[in-house]
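[1] 3D, please:
(chains A and B)
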Protein chains: 2
Amino acid sequence: MALVVQKYGGSSLESADRIKRVAERIVETRKAGNDVVVVCSAMGDTTDELLDLAKQVNPSPPERELDMLLTAGERISNALVAMAVESFGVEACSFSGSQAGVITTSAHQDARIVDVTPGRIQEALAEGQVVLVAGFQGVALDTKNITTLGRGGSDTTAVAVAAALQADVCEIYTDVDGVYTADPRIVPNAKHLDRITSEEMLELAATGAKVLHLRAVEYARRYGVPLHVRSSYSPKPGTTVSGSVEDLSVEQAMITGVSHDRSEAKVTVRGVPDNPGVAGRIFRAVADAEIDIDMVLQNISGTESGRTDITFTVARSNGEVAVAELEKIQGEVGFTEVVYDDSVGKVSLVGAGMRSHPGVTATFCEALSNAGVNIDIINTSEIRISVLIDDTQLDTAVQALHSAFELGGDEEAVVYAGSGR
Amino acid sequence: MALVVQKYGGSSLESADRIKRVAERIVETRKAGNDVVVVCSAMGDTTDELLDLAKQVNPSPPERELDMLLTAGERISNALVAMAVESFGVEACSFSGSQAGVITTSAHQDARIVDVTPGRIQEALAEGQVVLVAGFQGVALDTKNITTLGRGGSDTTAVAVAAALQADVCEIYTDVDGVYTADPRIVPNAKHLDRITSEEMLELAATGAKVLHLRAVEYARRYGVPLHVRSSYSPKPGTTVSGSVEDLSVEQAMITGVSHDRSEAKVTVRGVPDNPGVAGRIFRAVADAEIDIDMVLQNISGTESGRTDITFTVARSNGEVAVAELEKIQGEVGFTEVVYDDSVGKVSLVGAGMRSHPGVTATFCEALSNAGVNIDIINTSEIRISVLIDDTQLDTAVQALHSAFELGGDEEAVVYAGSGR
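    Coordinates of the predicted model:
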């Protein structure tokens, strides 16, 4: 008998029928003799609908109230799944994040889980109940206000609850049946991965693979929670995320996959005086607006004139604010102009095998060059190479890399309706 | 500066526009220098929609989960009203029933408030915030589960919060502008009442007047909370419910109004052996099914045969169960048959003046007789006379009584869209 935590996403819960199917799977798992804890996202478009209502009554809704509002969505889906489970004669009981002991920071809309005190969950499990925990939400340690965890919050809830309960596995049910060597909509022969290390998954999630949320993968890695990505609509075995690249032998360490990301934009600050501290001043201005910077390039071409260009990428959703913040300091810093470009894309190659195969970067660059793709910025980690390119060439680049590193399988990947979230 | 509790019903909150209008009124009250606590029902049909979803996933949804589900409705409306209030530059903050300290019994779907510990409400008021409290919900003292208060629950929440805060007034905003001498849809010249004692309001609410819920009026009377019934859509002054009939002089004590009720059904148990304890056995069977009995009549006509008939009324919604429970004990008790009749209606006359004017009952019976209305069962309190009649004659009876006791005003009452809830 194992303790299994299962997480179901919003599209798996978008109607009464889908909720009943999810309930069937939960009941199956319970009847197989497992203790089961389930974390649900809000049904289908509930969150967007609530957000829309909020904007109608207040164009900039206060974040505390937004959290009170949005958390109702998970509460609804959770209670409905509990009812559906009970209709199969299996006892179930749903808890809000607060009742389940999900304690967070007080940063509304983007709280971090600081602790899970799962006393009530454990009591209910001991009574033989299936326990439902509302995803995406918690209660702030200091203010006692209800908080939400930001994007991918329900995945994080599931992992945090699994960690607190020392669950045997945290199953993330989604609309794809696992992790692939590339997005099957771009690379038709992308191969399904049965297993991947947590570091590789982290790099893939950070560079655009949408199947798991970065924060959840980080949490799982930190607490050693084995993740299992599975499809809500198929009985296929999915992908197991566990273990570390450190434990892989040289033979096991391979190139794992290609990811891509269309959500970034490039900001270039031109004619920056080449004095110590100036780059710091520029990045500080962006950081103070709570905007994360991803890739950075400082051109050295202009040093003779005493001026240089600084290029970096930010999320497109933050682009406007980043430019505005920079323009505020233009006088003080004395640069020439800020150029904003959102027609860029990022393609990344991830794999533990890079550490032991020095030729990877060369092959990577050759493959792109042969495909006619120009590299704008390059950025690497021990197990990843990422480049910024023109977004119209993104699909070509993904295909070229996938092929150059011989990642393809023999059969076409099955893409489910609505996949790619 | 006063402490004002305001309660808004679901139809006043059914759209973003209506929510903004409610927010305007709240802001006005706050800007007039009052401390304001607001209790909201769920928006429009939210509760029914959630109930419908529940039935789709489980035809007999477990009550604990039903409470988790339905309470999401008030949480949504509450947060939206808070946002709308903030859009006017006034600070607001919403609390769930549990956060607001609304402690109840653990009877899901029909919990009673046992205490309100308003510490968080008071802190927020001290900070100058408008405080929103989700109506209809609380947390059970023993199980820590979320509960709902049953029909009219948000009115009761408002009164209980007002009592705990020793508020100066509890304003109940609804879609009519107060209490009338009769339902204006039946009696066009029904007169608006500016003031009514809590005992009279209690009798009116108990006998079918829908403007306030019985439990809320009882609670208000017990804790001396002055109620003020007002329209969400008009600035009219409404009706104040306060004081006791004991404090009225003979001149002040009058006949207040006529109420009617179509929600009851008549159950007649025929051929009951006229032995001690038999009536008790019959009523116990009904009570054990948690069904309330209203009016009772034991015919004396059949005593010569050693058998009698027992007639009583129950809510129509309980009729089927009541009959089934009685048929279970038919063999044991030895009665002839159970006859069920739901084509009955109840009309009541309420007024403190009855106590000092002995002719009221006679006038009452004459008025009905002159109108050709037959009385089936009669039932009185110190300040009320109720009779059960044929439901097709209900409007006629209301009009006849209203006219016989000269309750009408000079102008036609204004009936708002959707009134009569």
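[2] which residues does A:Asp261 contact?
    A:Asp261 makes contacts with A:Thr207, A:Gly208, A:Gly345, A:Lys346, A:Val347, A:Ser348, as judged by CB atoms under 8 Å, 6 or more residues apart in numbering or on different chains. Backbone N, C-alpha and C define where each C-beta goes, glycine included.
[3] all strands of the stretch 1-150 of chain A, in order?
    A:3-8, A:35-40, A:92-95, A:102-104, A:113-116, A:130-134, A:137-140, A:146-148 (DSSP state E, counting those that start in this stretch).
[4] So what's the model's average confidence on the third one?
    Spelled out, that is strand A:92-95. Strand A:92-95 carries an average pLDDT of 97.
[5] Show the low-confidence segments of the stretch 251-400 of chain A, by residue range.
    A:299-304 (pLDDT under 70).
[6] mind listing the strands for it?
    A:257-261, A:264-273, A:296-298, A:307-315, A:337-341, A:344-350, A:377-381, A:384-390.
[7] wait, which of the ones you listed is closest to B:Ser305?
    strand A:307-315 (89.0 Å; CB to CB).
[8] now the helices for chain A?
    Here chain A has its helices, by DSSP state H, at A:16-31, A:46-57, A:63-86, A:119-126, A:153-165, A:198-206, A:214-223, A:278-288, A:316-328, A:330-333, A:360-370, A:394-404.
[9] In the longest one, which residues are buried?
    By neighbour count, and taking 16 or more other CB atoms under 10 Å in any protein chain shown as the criterion, the buried residues in helix A:63-86 are A:64-86.
[10] How about stretch A:215-234?
    Within stretch A:215-234, the residues scored as buried using 16+ other CB under 10 Å are A:215-221, A:225-233.
[11] same question, stretch A:290-301
    In stretch A:290-301, counting by 16+ other CB under 10 Å, buried: A:Ile291, A:Ile293, A:Asp294, A:Met295, A:Leu297.
[12] and those as JSON lines, adding distance to chain B?
    Converted to JSON lines, the buried residues of stretch A:290-301 look like this (distance: CB to the nearest CB, whole Å):
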{"residue": "A:Ile291", "distance to chain B": "25"}
{"residue": "A:Ile293", "distance to chain B": "32"}
{"residue": "A:Asp294", "distance to chain B": "33"}
{"residue": "A:Met295", "distance to chain B": "37"}
{"residue": "A:Leu297", "distance to chain B": "42"}
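[13] between the contacts of A:Asp261, which is closest to B:Val133?
    Using CB to CB, the contacts of A:Asp261 come closest to B:Val133 at A:Gly208, 44.0 Å.
[14] who are the neighbours in contact with the residue lying closest to A:Leu141 once chain neighbours are set aside?
    Using CB to CB, 6 or more residues apart in numbering or on different chains and skipping residues adjacent in sequence, the residue nearest A:Leu141 is A:Ile103, 5.2 Å away. By CB under 8 Å, 6+ apart, the contact set of A:Ile103 is A:Ile113, A:Val114, A:Asp115, A:Val116, A:Thr117, A:Gly138, A:Val139, A:Ala140, A:Leu141.
[15] Tell me which residues touch A:Val133, please.
    If a contact means CB under 8 Å, 6+ apart, then A:Val133 has A:Val37, A:Val38, A:Val39, A:Asn78, A:Ser94, A:Phe95, A:Gly97, A:Ala100, A:Val102, A:Ile121, A:Thr157, A:Val161 as its contacts.
[16] nearest spatial neighbour of it, skipping sequence neighbours?
    A:Ala100 (4.4 Å).
[17] Which pLDDT value does the model give that neighbour?
    pLDDT recorded at A:Ala100 is 96.
[18] Now do it against A:Leu80, distance only.
    Relative to A:Leu80, A:Ala100 is positioned 17 Å away (criterion: CB to CB, to the nearest Å).
[19] Count the neighbours of A:Gly150 for me.
    16 (other CB atoms under 10 Å in any protein chain shown).
[20] Show me which residues of the stretch 1-150 of chain A sit near chain B.
    Taking CB under 8 Å from any CB of the partner chain as the contact definition, the stretch 1-150 of chain A meets chain B at A:16, A:19-20, A:23, A:50, A:53-54, A:56-59, A:61-62, A:64-66, A:68-69, A:71-73, A:75-76, A:78-84, A:86-87, A:92-94, A:96, A:99, A:120, A:144, A:146.
[21] hang on, the earlier thing: pick the one among the contacts of A:Val133 closest to chain B.
    Distances from chain B to these, taken as CB to the nearest CB, are shortest for A:Ser94 (5.3 Å).
[22] thought that closest one was touching A:Leu132?
    Yes. The pair A:Ser94 and A:Leu132 qualifies as a contact (CB atoms under 8 Å) at a distance of 3.9 Å.
[23] Give me the common contacts of those two.
    Listed contacts common to A:Ser94 and A:Leu132 are A:Asn78, A:Ala79, A:Val81, A:Ala82; contacts here mean CB under 8 Å, 6+ apart.
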